[in-house]
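S.K.: here's a sequence, model it:
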Amino acid sequence: MWRVKSLDAILATAERKSLHRSLGPVQLTLLGVGAIIGTGIFVLTAAAAQKAGPGMMWSFVIAGAVCAVAALCYSELASMAPVSGSAYTYTYAVMGELLAWMVGWALILEYAVAASAVSVGWSGYVLGLIENALGFDWPDLLQAGPAWTMNGWMPTPDFSVGIVNVPAIIVALAVTLLLMIGTTESARVNAILVAIKVAALTAFCVLTLPVIQASNFQPFAPNGLFGESSGMGIIGAAASIFFAYVGFDAVSTAAEETKNPQRNVPIGLIGSLAICTVFYLLVAVGAVGALGAQPVLGAAGEAVQPGSAGFIAACALPENAAQLVCSNEALAHVLRQIDYPAVGNALGTAAMLALPSVILMMIYGQTRIFFVMARDGLLPEGLAKVHPKWKTPYIVTLFTGVAVAIAGALFPVGQLADISNSGTLFAFFMVSIAVMMLRVKEPNRRRPFRTPLVWIIAPLSAAGCAFLFWNLPHDAKMVLPIWGGIGLVIYLLYGIRKSHLGRGLFQVPELDPDAPPGPVPPMPGAPSPTDDHRN
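M.R.: Reported below is the predicted structural model:
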């Protein structure tokens, strides 16, 4: 279980059973922007305000800083191993099969749950648009799943607030069908949706920034830095808002379908993160300054988690109806409250059209993780079957889409985002360790992109990820070890025996460090693998 799959073997495997390379640097950056700008800013702004109040602006800065150093680590590894698999592939090459499996299993949690969260966010905007623009009252029990509370180790649903989120199901399955048709078609649609999102956020900033009131920023941090309970305060909000930045990870999973990945993957990763960070800060300032962002309190005057039963009860009170934190369509709600109802409806329409691009990238990333794990034999190889016409892994895409639809139908957006973050932060932590280990193990390997100040950046990334994970809500933190335990059982029962690496099904010798690299077909524009080992 500690066997290591060399980078040469990883590249050889990808060349023998690869996906079609069709994405350039502009498409890749747009895919990153499409994955990053979405539910995090359109929807989670309200959840962050409930945790931190106006202090959520610092939450965006903290989460963005951790993501920036993680992105630099990702860029080095993605440029060295331009294949599907993301953190799973990198861990396999450095730390061995068992830890790679655990990272891949965590990434499945990250992407699938994230896609579900965005589906719920989309549902909030489309329902708000139906109600405000069309005057149609969608049945309450069909617009949200139940409220969940933990009763010991068992989650208990409260169906009085809802039974199933029907719009979330619809959008998840529609995006799944689009992804099954083909990657290039998906990227073209995504480019249009990214333009819509950027235009909507630009309009929001233009209208809100001139009407900022200083009084709306006070008190700045009503729940303090850490809050009275786990997952609250500025740091707790940063741990949740981290969800808003993780789309850049999906860019690295697209490496195997990227032309000239050694150059284009770092461009897509860092470029998309930089563009999105500017938007996030401007939108957060506009939302807080124009309307205010004070949290609502529970029946006893206590701070309550967004999505909890106490929070839902507080938002049901008439005096809290107009609060930002109680809105399921935060940005459109702000514009309506400052007397721009038509623009608010237009922004809601833009979100309704554009948020599916985020769902697309999350399901895309999840299916590619499944694809590469099945290609390695750790999951049934039937999951890696590529459609003869569409050239996409259609079986695993359909399976993923159904799972995403089920989760989106039953859980609120805030809880889904926190659960997704637990898997994300674990994977990012492992990447930060892997980039340092590979610098020691293979210092002479060619690195098209080198993490600057790696012995400062990588430890900062690892420490930042661990710190944010520790400040997630308790329930979200517990999901990762439970999910990991399930994955470990599957690996011990299936993966450890079926692993291609363990069965010696590769052309490149993995276990002999002195053996010369095997014949790996070079990619266009890239030097041969033997060049990577020259001193």
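S.K.: distance from the host helix or strand of G344 to the middle of the chain?
M.R.: For G344, the element it lies in under DSSP states H and E is helix 341-375. Centroid separation between helix 341-375 and its chain, computed with Cα atoms, centre = their mean, to the nearest Å, is 10 Å.
S.K.: buried stuff in that helix?
M.R.: Neighbour-count burial for helix 341-375, counted by 16 or more other Cβ atoms under 10 Å, picks out 343-375. The C-beta positions use only the backbone N, C-alpha and C, and glycine is treated the same way.
S.K.: can you show me the helices along the stretch 151-300 of the chain?
M.R.: Counting by DSSP state H, counting those that start in this stretch, the stretch 151-300 of the chain forms helices over residues 166-181, 183-208, 233-241, 247-253, 261-291, given from the N-terminal end onward.
S.K.: so in the protein, which helix runs the longest?
M.R.: In the chain, taking DSSP state H as the definition, the longest helix is helix 97-133.
S.K.: for it, what is the average pLDDT?
M.R.: Rounded to a whole number, the mean pLDDT of helix 97-133 is 85.
S.K.: pull out the buried residues from it.
M.R.: By neighbour count on 16+ other Cβ under 10 Å, the buried set for helix 97-133 is 97-130, 132-133.
S.K.: ok, now stretch 275-289?
M.R.: In terms of neighbour count (16+ other Cβ under 10 Å), stretch 275-289 has its buried residues at 275-277, 279-280, 282-289.
S.K.: just these now: which is nearest P393?
M.R.: Comparing the buried residues of stretch 275-289 against P393 with Cβ to Cβ places C276 closest, at 27.6 Å.
S.K.: excluding chain neighbours, what is closest to the closest one?
M.R.: For C276, the nearest residue in space outside its immediate sequence neighbours is I36; the separation is 4.2 Å by Cβ to Cβ, 6 or more residues apart in numbering.
S.K.: what separates the one you found from E97, distance-wise?
M.R.: Remark: distance between I36 and E97 (Cβ to Cβ, to the nearest Å) = 31 Å.
S.K.: rewinding a little: what is the longest helix of the chain packed up against?
M.R.: Packed against helix 97-133 by the contact rule (3 or more Cβ pairs under 8 Å, 6 or more residues apart in numbering; DSSP states H and E) you find helix 39-42, helix 87-94, helix 166-181, helix 330-337, helix 341-375, helix 394-410, helix 413-441, helix 474-490.
S.K.: quick one: low-confidence parts of the stretch 301-450 of the chain?
M.R.: For the stretch 301-450 of the chain, the stretches with pLDDT under 70 are 384.
S.K.: need the contact list for L472.
M.R.: 230-231, 236, 239-240, 418, 421-422, 425 (Cβ atoms under 8 Å, 6 or more residues apart in numbering).
S.K.: let me redo that: K51
M.R.: By Cβ under 8 Å, 6+ apart, the contact list for K51 reads 59, 223, 227, 231-233, 236-237, 240, 295, 305-306.
S.K.: how many neighbours does the closest residue to it other than its chain neighbours have?
M.R.: In space, and not counting its chain neighbours, K51 is closest to A237: 4.0 Å by Cβ to Cβ, 6+ apart. For A237, the number of neighbouring residues by other Cβ atoms under 10 Å comes to 32.
S.K.: is it correct that A237 is in contact with S59?
M.R.: Yes. Applying Cβ atoms under 8 Å, one finds A237 in contact with S59, separated by 3.9 Å.
S.K.: joint contacts of the two?
M.R.: Joint contacts of A237 and S59 (Cβ under 8 Å, 6+ apart) are 48, 51-52.
S.K.: which of these fall within helices?
M.R.: When helices are assigned by DSSP H, the members of those inside them are 48, 51-52.
S.K.: which of these lies closest to L492?
M.R.: Of all these, K51 has the smallest distance to L492: 38.2 Å, by Cβ to Cβ.
S.K.: how near is the closest one to G401?
M.R.: 31 Å.
S.K.: do the same with V66
M.R.: 30 Å.
S.K.: where in the stretch 51-200 of the chain is pLDDT low?
M.R.: Looking along the stretch 51-200 of the chain with the criterion set at pLDDT under 70, you get 81-86, 147-155, 158, 182-191.
S.K.: one more time with 80, if that's ok
M.R.: Residue ranges of the stretch 51-200 of the chain with pLDDT under 80: 75, 77-87, 89-91, 93-95, 132-137, 140-141, 143-162, 182-194.
S.K.: still on that earlier bit, make JSON lines from the helices of the stretch 151-300 of the chain and add distance to I457 to it.
M.R.: Written out in JSON lines, the entries for those read as follows (distance: least, Cβ to Cβ, whole Å):
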{"stretch": "helix 166-181", "distance to I457": "33"}
{"stretch": "helix 183-208", "distance to I457": "28"}
{"stretch": "helix 233-241", "distance to I457": "19"}
{"stretch": "helix 247-253", "distance to I457": "15"}
{"stretch": "helix 261-291", "distance to I457": "13"}
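S.K.: pick the most buried one from these.
M.R.: With neighbours defined by mean count of other Cβ atoms under 10 Å, none of the helices of the stretch 151-300 of the chain is more surrounded on average than helix 247-253, at a mean of 30.
S.K.: check contacts around A330.
M.R.: If you count contacts by Cβ under 8 Å, 6+ apart, A330 has them with 42-43, 45-46, 49, 287, 324.
S.K.: go again using 7 Å as the cut-off
M.R.: Residues counted as contacts of A330 (Cβ atoms under 7 Å, 6 or more residues apart in numbering) are 42-43, 45-46, 287, 324.
S.K.: quick one, what contacts the residue nearest the centre of the chain?
M.R.: Nearest residue to the geometric centre of the chain (Cα atoms, centre = their mean): V246, 4.2 Å. Shown here is V246, whose contacts under the criterion Cβ under 7 Å, 6+ apart are T424.
S.K.: how close does it get to G401?
M.R.: Applying Cβ to Cβ, the value for V246 to G401 is 20 Å.
S.K.: again with T89
M.R.: 23 Å.
S.K.: nearest residue to A174 other than its sequence neighbours?
M.R.: P356 (7.2 Å).
S.K.: er, F204 actually
M.R.: In space, F204 comes closest to L331 once its chain neighbours are excluded; the distance is 5.4 Å by Cβ to Cβ, 6+ apart.
S.K.: great, nothing more from me.
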